[in-house]
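Enquirer: Requesting a structural model of the entry that follows:
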Amino acid sequence: MTDNIFARAHSLQRPADGQRLPVLLQDNPSRDYVFPVSVEEAAAALERLPAQHREGITHIWLRGRTRHQAGPDASLAEFICGSGVRVVVLYAWPADGVLTLGRRQPPRGEIAHFIRFGGVLRQTRGSWTISFEMAGLRRFYLEHLLCHEVGHHVDWFTRFWSKANAKKVEAAADQYAYAWGPLVSGKILEPERSF
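Expert: Next up is the predicted model:
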């Protein structure tokens, strides 16, 4: 609350006509969290995606978090759409490089996106964790988290979102990240398939 993050999340203004987009926002994370990429790197990665896919995204926000916003169910990223804004939010990562997933071993399908970028699953003191080397974490943020949220942006206008089709919506965003993510890191010249 001291950083007024709650108020900022609900007060992003529609960009003015002619304003350069996306608007770039980067919080100062608490000492317990870091951003593995800068907001400029995220914007550069976004620029590598097809223009029609990124058209309309108004903000990229590297958003800090506190210990109270952490835990196994905490979001790593999100797409916010409404009131004339379409925001891709990437949350800070624990500074020690280790994300706690909980006491139960996560199913392979839930952690496949971590493993794909070099995440290492471990059980430590009764909790399951995932950790990364910095290079893998940077790729995870740009190729998976950023692209997953852009996938939600693309999907937003082609499907009715509801709790009933939440799994389909997440699957579509994951497919988008899988198909287009390598493009943002320059790993391929063209995606394997279009979205």
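
Enquirer: For the lengthiest helix in the chain, list every residue counted as buried.
Expert: Within the chain, and with DSSP state H defining each element, the longest helix by residue count is helix 166-184. Of the residues in helix 166-184, those buried under the neighbour-count criterion (16 or more other C-beta atoms under 10 Å) are 169, 172-174, 176-184. All C-beta spots, glycine's among them, are computed from the backbone N, C-alpha and C.

Enquirer: now swap in stretch 61-69 and tell me
Expert: Buried residues in stretch 61-69 (16+ other C-beta under 10 Å): Trp61, Leu62, Arg63, Gly64, Arg65.

Enquirer: I'd like those as CSV, with distance to Gln19 and pLDDT appended.
Expert: As requested, the buried residues of stretch 61-69 are arranged in CSV below (distance: C-beta to C-beta, whole Å; pLDDT from 0 to 100):
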residue, distance to Gln19, pLDDT
Trp61, 15, 97
Leu62, 19, 97
Arg63, 20, 95
Gly64, 24, 92
Arg65, 27, 84
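
Enquirer: ok, those residues vs Leu25, which is closest?
Expert: Nearest to Leu25 among those, counting by C-beta to C-beta, is Trp61 at 4.3 Å.

Enquirer: quick one, what contacts the closest one?
Expert: When contacts are counted by C-beta atoms under 8 Å, 6 or more residues apart in numbering, Trp61 is found next to Leu12, Leu25, Gln26, Asp27, Val39, Val87, Val88, Val89, Leu90.

Enquirer: distance of it from Glu170?
Expert: Here Trp61 is placed at a distance of 21 Å from Glu170 (C-beta to C-beta, to the nearest Å).

Enquirer: now do Ala70
Expert: Relative to Glu170, Ala70 is positioned 21 Å away (criterion: C-beta to C-beta).
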